[in-house]
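Q: Turn this into a model:
(one chain, ligands or ions: 1)
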Amino acid sequence: MVLLSALGVSLGLAPQDDPAAVRPKPGDLLIKVGDAGKTPLTPNDIPLAAGYTAAWAMDPADKTVRSGSRLNQVLLLRFDPAALAADTRARAADGVVAYTSICTHNGCDIDQWLAREQQLFCSCHESIFDPRDGAKVIDGPAPRALPALPLTIAGGTLVVAKPFTTPVGYERG
Ligand code: FES
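A: Below is the predicted model:
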C-alpha cells in the first residue's frame, strides 16, 4: 500500500484520477463486496424482494474494482418490475435497482433492511428510504433521496448504464 501510495504521488495522481476511486462509469460491471474472485453479478444473484446486496463497480477491461472510495459502494435490490415506480423501472435492469449506500443525512452507511415494509433503513438517525420509488425519503432527517445508479444488462450480467443520478454524499444535500 505504501509503495502504491508513493507511486501515486510520484505520478502526480490526484484522487479523482485514481481509477479505483472514481465514481462508477457506464459500462462498468458490478461485483459483490468481498468477492475476491471478482465475479460479475447477474440479476439472479440478487434475491427477489429480500434485502440488499452491497456491491462495487468494476472496470470491465482491467478489472479495477472501484473500492478506493467508500462513496462508490452501492446497494443492489431486485423487485418485480411491476412493483417499481415508472422512473425507477426505467433505471432498472430485470427489476434490479442500484443506489448509493451513503445516507444523504450525515453520510453513514445504510445498514438495515425493513423486510415487511420493503424499505432501506439508516440506523444512525433512523432515516427510511423506498427503493421501489427512487429511494425517496419515507421518514427521518435525510434531506433527499438516495442517488440512483442506472443499470442495464449485457451478456447476461448487470452493467452500469449511466452515472449516479445526483451527487453521492451529504455535504451537498
Ligand atoms: S446519517 Fe443516516 S439518518 Fe443520519
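
Q: now the one residue sitting closest to the centre of the chain: how far from residue 141?
A: The chain has residue 74 as the residue nearest its centroid, 1.8 Å off, counting by C-alpha atoms, centre = their mean. As judged by C-beta to C-beta, to the nearest Å, residue 74 and residue 141 stand 22 Å apart. Where you see a C-beta, it was placed from the backbone N, CA and C, and this is true even at glycine.

Q: List the buried residues for stretch 51-60?
A: 51-53, 55-60 (16 or more other C-beta atoms under 10 Å).

Q: Quick check: mean pLDDT of that stretch?
A: The pLDDT scores in stretch 51-60 average 98.

Q: just the CA coordinates of that stretch, formatted as PDB?
A: This file holds the C-alpha atoms of stretch 51-60, laid out as PDB (Å, rounded to 0.1, in the frame of the first residue of the first chain):
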ATOM      1  CA  GLY A  51     -32.900  -7.200   1.100                       C
ATOM      2  CA  TYR A  52     -29.900  -5.600  -0.500                       C
ATOM      3  CA  THR A  53     -26.600  -6.800  -1.900                       C
ATOM      4  CA  ALA A  54     -23.600  -4.500  -1.300                       C
ATOM      5  CA  ALA A  55     -21.500  -4.100  -4.400                       C
ATOM      6  CA  TRP A  56     -18.700  -2.300  -6.100                       C
ATOM      7  CA  ALA A  57     -18.400  -1.300  -9.700                       C
ATOM      8  CA  MET A  58     -15.500  -2.800 -11.700                       C
ATOM      9  CA  ASP A  59     -13.800  -1.700 -14.900                       C
ATOM     10  CA  PRO A  60     -14.500  -4.500 -17.400                       C
END
